[in-house]
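K.L.:
need a 3D model of the sequence below.
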Amino acid sequence: MRYFFSIYAAAAIVAVPVAAAADDFAGACRRFASARVVFIGRVTAPPVRKHVPGQEQIDRMRQKWSEADAEMAKRKLWPVPLDLVVTPMRVETAFRNIDVSDVYVRTEDPDGLQIGQSYLVYGHHEIGAIFPEILTATALVAEPDPNGEEVRFLNLAKTRKFSTSVYGSLILHDTPAEVPLAGVRIRFTVGDQQIDGITNAAGRFIVTGIPAGIISVEPLLPEGVSFDTHVPYTLAMPDGGCSELQLRARRDRRIRGRLRHPDGSPIARAFVDLVPLVAGQSRWRSRYQTGENGEFEFRGLSPRAYLLGLNLDSRPTPRAPYNATYYPTPLEVDDVSKHDEVEWVLSDPLPTGDVEVVVSGGRGSLDVVSACAIPLAADGDRDGFAEHIPHTARGSAPVIIPVVEGVRYRIVARASIGDRNMDSVGVELVGRAGRQPITMQVSVPAQPNTGICEASF
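P.N.:
Numbers count the residues shown, from 1 in each chain. Got it, this is the predicted structure:
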């Protein structure tokens, strides 16, 4: 059985180099990501008033930094004396950035803290690193459960230096009941460092200790399972970041093949459509632009019968000069059938030709000239699904534009004359085999921020 794999990343980010059970760590993850200091401490005394003179701050600077730095700080900004109401605590468990055993914690409600009671404290240093013992609490959890999810998360994520953590789940969701995918190894790579996590029986994982930076996420999927991206999936993780990844998988039912001309050559950059054989209430369809070798692929499909089509919603193009057409037989997609080597050879191509556009600028020499042939729909408006590609030439050389016989086009020209661009009035014609020469006069100042293919609409 195949699976199709996709990722949705939350705003915050975190990660531990061990496989671990992971429940809902969302709250702990968010608090951990925003706190510079995290610890469990026991209140040892009632709140006290602590006075921190400016000179003591200068002395601490001198001890921690150089004499010149302290004197510069004194001359430019004499530290203001501080009077703080703080609660003495003894550190019982340090999770992040705690180097002392006794601290003073500033809280919004110092009288609400009970002597002898333990609290999980999230916060930061009140006066910076020079006073590591004076802290401000941004969040408090009274009597934290040592076996609860929050403490368990912190034990996994604890580090004196800042790193990132990621937790989340991997679920197979295109079944009547969502099914967790267990035992899947998920690899996180930063530079030359790799850290793995493994989903548990509930499909959940947590990984901590990942260095900050650009993190590549790669699930090491077993045979029959594929990742829903053609490029590496990456996360930009800040120091101390914490992120939830909701990994959602689905069976990898797919149709893959090549599109070819009657002579066997590939049809490159053409739009192949996939539509249900039996249309429902919605007009669902998927579109894929073929590669240089004519290859196309539709993945993550629901079980049903499909039709492959070409140019269903667009005019024939010089690369794919065919009227709207379907692959000869419907393709039944389920968990057993495989459609990995569909060879679709087209027949009856329309004749093609080109338009030779000679651009005249009146007075002044032309630096660069360009022209665009925009295919028109039946109502005379632009055909929204066809490619509009400008073609260029230097100076007075003609611009050659390929066209398809029977397709109506609007031709527009633009010339660069010195420091300005000038456009022509649009001319409509029908493509035919062979070459059609036309001359176009550029006389209208080009609109700013408008491409030549959009100039006449």
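
K.L.:
so where do the helices sit in the stretch 51-200 of the chain?
P.N.:
Along the stretch 51-200 of the chain, the segments classed as helices by DSSP state H, counting those that start in this stretch run 54-64, 67-76, 149-157.

K.L.:
looking at those, which has the lowest confidence?
P.N.:
Across these, helix 67-76 has the smallest mean pLDDT, namely a mean of 59.

K.L.:
can you pull the pLDDT of the nearest residue in space to T325 that is not next to it in sequence?
P.N.:
Nearest residue to T325, sequence neighbours excluded (CB to CB, 6 or more residues apart in numbering): L310, at 5.4 Å. Heads up, the C-betas are built off the backbone N, CA and C, glycines and all. Looking at L310, its pLDDT reads 95.

K.L.:
what distance do you get for L310 to F271?
P.N.:
7 Å (CB to CB, to the nearest Å).

K.L.:
longest strand in the protein, by residue count?
P.N.:
When the chain is parsed with DSSP state E, its longest strand is strand 82-96.

K.L.:
what's the average pLDDT for that one?
P.N.:
So the average pLDDT for strand 82-96 ends up being 92.

K.L.:
which strands and helices lie in contact with that strand?
P.N.:
Applying 3 or more CB pairs under 8 Å, 6 or more residues apart in numbering; DSSP states H and E, one finds that strand 82-96 contacts strand 37-43, strand 48-52, strand 102-106, strand 118-125, helix 149-157.

K.L.:
could you dump the ones you listed to TSV with mean neighbour count?
P.N.:
Compiled in TSV, these are given as follows (neighbours: other CB atoms under 10 Å):
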stretch	mean neighbour count
strand 37-43	21
strand 48-52	13
strand 102-106	19
strand 118-125	21
helix 149-157	21
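
K.L.:
going by mean pLDDT, which of these comes out lowest?
P.N.:
helix 149-157 (a mean of 80).

K.L.:
compute the inter-axis angle for the host helix or strand of V207 and helix 149-157.
P.N.:
Per DSSP states H and E, V207 falls inside strand 204-210. Here the directions of strand 204-210 and helix 149-157 differ by 40 degrees (axes from the mean of the first three to the mean of the last three CA atoms, to 10 degrees).

K.L.:
following element in sequence after strand 204-210, please.
P.N.:
strand 213-220.

K.L.:
hang on, the earlier thing: any common contacting residues for L310 and F271?
P.N.:
Common neighbours of L310 and F271, counting by CB atoms under 8 Å, 6 or more residues apart in numbering, are A320.

K.L.:
next, the distance between the ends of stretch 96-110.
P.N.:
End-to-end distance for stretch 96-110, by CA to CA, to the nearest Å: 23 Å.

K.L.:
no no, stretch 107-123
P.N.:
Using CA to CA, the distance between the terminal residues of stretch 107-123 is 10 Å.

K.L.:
over to stretch 187-198?
P.N.:
In stretch 187-198, first residue to last residue: 9 Å (CA to CA).

K.L.:
quick one: low-confidence parts of the chain?
P.N.:
Along the chain, the model assigns pLDDT under 70 to residues 1-26, 64-79, 159-162, 174-176, 223-232, 280-284, 362-364, 384-387, 449, 456-457.

K.L.:
can you give me the domain boundaries for it?
P.N.:
Per automatic domain parsing, the domain ranges recorded for the chain read 3-29+154-250, 34-145, 262-345, 352-454.

K.L.:
out of these, nearest to R256?
P.N.:
R256 lies closest, by CB to CB, to one member of the domains of the chain: domain 262-345, at 4.3 Å.

K.L.:
now do the closest one: distance from first to last residue.
P.N.:
End-to-end distance (CA to CA), domain 262-345: 6 Å.

K.L.:
please apply the same query to stretch 157-173.
P.N.:
End-to-end distance (CA to CA), stretch 157-173: 29 Å.

K.L.:
give me the buried positions along it.
P.N.:
157-158, 163-172 (16 or more other CB atoms under 10 Å).

K.L.:
would JSON lines of these with distance to P437 be doable?
P.N.:
What follows is those, written out as JSON lines (distance: CB to CB, whole Å):
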{"residue": "A157", "distance to P437": "72"}
{"residue": "K158", "distance to P437": "77"}
{"residue": "S163", "distance to P437": "68"}
{"residue": "T164", "distance to P437": "63"}
{"residue": "S165", "distance to P437": "67"}
{"residue": "V166", "distance to P437": "63"}
{"residue": "Y167", "distance to P437": "67"}
{"residue": "G168", "distance to P437": "63"}
{"residue": "S169", "distance to P437": "64"}
{"residue": "L170", "distance to P437": "62"}
{"residue": "I171", "distance to P437": "62"}
{"residue": "L172", "distance to P437": "61"}
